[in-house]
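A.B. asks: next one to model:
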Amino acid sequence: MIIVLKHDCTPEQIEAFSKNLTSRYDVKVNTWFGTQSTVLGLIGDTSAIDIDSIAAQSFVESVKRVQEPYKKANRKFHPDDTVVTLPGGQKIGDGSLALIAGPCSVESESQICGIARRVKAAGAKFLRGGAFKPRTSPYSFQGMRAEGLQLLSEAKKETGLPIVTEIMRVSHLELFDDVDIIQVGARNMQNFELLKELGKIDKPILLKRGLSSTIEELLMSAEYIMAGGNERVILCERGIRTYETYTRNTLDISAVPILKKLSHLPVVVDPSHASGISWLVEPLALAAVAAGADGLIIEVHNDPPHALSDGAQSLTPDQFDHVADRVFRAAECFGKTR
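C.D. replies: Residues are numbered from 1 along each chain as shown. The predicted structure is shown next:
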């Protein structure tokens with residue numbers, strides 16, 4: 001249930017009204033203070049609440065029930081866009097185009113530091129790199145694991161770029177102290193025990209859409225994290241599985257405006273995994289910008305033909321320079337800044 005209060009409602013009235021609701025009904029009250037009004041979002045069993053009696057309060061503007069199962073991730077509960085801000089001042093969702101770039105897998109110190117320098121020079125504000133790699137085949141390269149995280153930290157020290165990397169299990173959390181944004185991969189989007197634990201920490205979470213997941217399922221996974229208290233969630237459209245076999249996945253470009261309409265959370269797009277083909281990264285990235293994405297996550301490798309994972313979809317640093325320039329210029333056309 002959403003209760004919109006009038007702009008002249010006092011803090012004392014809000015506090016007293018909220019306490020009355022929680023004492024009388026089995027609900028939690030989330031308060032959102034906007035520029036024009038204050039919104040109370042009621043989460044729990046609201047079936048016993050009489051809408052007419054609530055609407056009759058002198059300080060209430062309107063009341064409506066919310067049918068969607070996701071609440072905290074719902075734009076109706078939080079009309080303004082959420083901006084995820086890192087300690088270093090980097091932001092996602094503030095009207096700029098956040099560029100996240102780096103290799104699929106960390107392979108060596110020289111590799112990750114060299115790529116970090118190049119993507120930063122091209123305008124990337126975040127460094128991605130896989131240390132723990134969930135692979136379809138048990139015989140494929142599984143990542144450098146803890147050592148890979150240490151090498152990411154070295155690249156961070158050298159360039160100042162915040163780290164974005166994937167977690168696979170709860171027991172690895174203690175290794176992620178120096179990670180700035182924890183990524184939940186497509187295969188773990190519905191690992192609910194992991195999501196619950198990530199809801200207890202104070203780090204942004206980049207949540208990738210599952211291989212065959214619906215938009216509502218993605219938002220419900222975000223709800224798991226937010227219900228635990230961590231509301232700094234970034235949604236990622238990375239392509240879904242369809243009958244098409246030419247590309248690795250099919251980029252659901254419509255998911256971007258749909259998610260922006262349904263939720264207040266930032267939305268980024270991964271054109272690398274969506275296509276699996278390096279030459280498709282640029283047009284898909286441009287399409288994502290046009291659709292309203294808050295950021296892009298792009299794989300870059302210094303030697304794609306010899307990459308230990310996903311070389312076919314990785315750009316060289318020179319190619320990334322070109323793509324970054326194109327997407328930034330496109331972003332300006334749609335009112336976004338660097």
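
A.B. asks: C-alpha from now on. contacts and neighbour counts both.
C.D. replies: Noted.

A.B. asks: give me the contacts around stretch 98-113.
C.D. replies: 91-92, 115-116, 119, 123-131, 133, 143-144, 148, 151-152, 154-155, 158, 164, 294-302, 308-310, 314, 338 (Cα atoms under 8 Å, 6 or more residues apart in numbering).

A.B. asks: got a quick PyMOL command for the buried subset of the residues you listed?
C.D. replies: One line in PyMOL is enough to select the buried ones among these; burial here means 16 or more other Cα atoms under 10 Å:
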select buried, resi 91+92+115+116+119+123+124+125+126+127+128+129+130+131+133+143+144+148+151+152+155+164+294+295+296+297+298+299+300+301+302+308+309+310+314
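
A.B. asks: just the contacts of stretch 98-113: which are in strands?
C.D. replies: If you go by DSSP state E, the contacts of stretch 98-113 have Lys91, Ile92, Phe126, Leu127, Arg128, Val164, Gly295, Leu296, Ile297, Ile298, Glu299 in strands.

A.B. asks: can you redo those residues as JSON lines with distance to Arg329 and pLDDT?
C.D. replies: Output for the ones in strands among the contacts of stretch 98-113, formatted as JSON lines (distance: Cα to Cα, whole Å; pLDDT from 0 to 100):
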{"residue": "Lys91", "distance to Arg329": "19", "pLDDT": "98"}
{"residue": "Ile92", "distance to Arg329": "18", "pLDDT": "98"}
{"residue": "Phe126", "distance to Arg329": "19", "pLDDT": "98"}
{"residue": "Leu127", "distance to Arg329": "21", "pLDDT": "98"}
{"residue": "Arg128", "distance to Arg329": "22", "pLDDT": "98"}
{"residue": "Val164", "distance to Arg329": "24", "pLDDT": "98"}
{"residue": "Gly295", "distance to Arg329": "14", "pLDDT": "98"}
{"residue": "Leu296", "distance to Arg329": "14", "pLDDT": "98"}
{"residue": "Ile297", "distance to Arg329": "17", "pLDDT": "98"}
{"residue": "Ile298", "distance to Arg329": "17", "pLDDT": "98"}
{"residue": "Glu299", "distance to Arg329": "20", "pLDDT": "98"}
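
A.B. asks: distance to Ser137 added to the residues you listed, as a markdown table?
C.D. replies: Formatted as a markdown table, the ones in strands among the contacts of stretch 98-113 follow (distance: Cα to Cα, whole Å):
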| residue | distance to Ser137 |
| --- | --- |
| Lys91 | 36 |
| Ile92 | 33 |
| Phe126 | 29 |
| Leu127 | 26 |
| Arg128 | 22 |
| Val164 | 24 |
| Gly295 | 30 |
| Leu296 | 27 |
| Ile297 | 24 |
| Ile298 | 23 |
| Glu299 | 20 |
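
A.B. asks: surely Gln190 and Ser221 touch.
C.D. replies: Yes. At 6.3 Å, Gln190 counts as touching Ser221 under the criterion of Cα atoms under 8 Å.

A.B. asks: so between those two, which is more surrounded?
C.D. replies: Set Gln190 next to Ser221 and count neighbours by other Cα atoms under 10 Å: Ser221 wins out with 26 against 20.

A.B. asks: buried stuff in the helix or strand containing the more buried one?
C.D. replies: For Ser221, the enclosing helix or strand under DSSP states H and E is helix 215-227. Neighbour-count burial for helix 215-227 flags Ile215, Glu217, Leu218, Leu219, Met220, Ser221, Ala222, Glu223, Tyr224, Ile225, Met226, Ala227 (criterion: 16+ other Cα under 10 Å).

A.B. asks: roughly how far apart are the last one and Val233?
C.D. replies: Using Cα to Cα, to the nearest Å, Ala227 is found at 11 Å from Val233.

A.B. asks: helices of the stretch 51-200 of the chain, start to end?
C.D. replies: Using DSSP state H, counting those that start in this stretch, the helices assigned to the stretch 51-200 of the chain run over residues 51-55, 109-122, 146-159, 192-198.

A.B. asks: with distance to Ala288 and mean pLDDT added, can I get these in JSON lines?
C.D. replies: Below are the helices of the stretch 51-200 of the chain laid out as JSON lines (distance: least, Cα to Cα, whole Å; pLDDT from 0 to 100):
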{"stretch": "helix 51-55", "distance to Ala288": "40", "mean pLDDT": "92"}
{"stretch": "helix 109-122", "distance to Ala288": "19", "mean pLDDT": "98"}
{"stretch": "helix 146-159", "distance to Ala288": "27", "mean pLDDT": "97"}
{"stretch": "helix 192-198", "distance to Ala288": "26", "mean pLDDT": "97"}
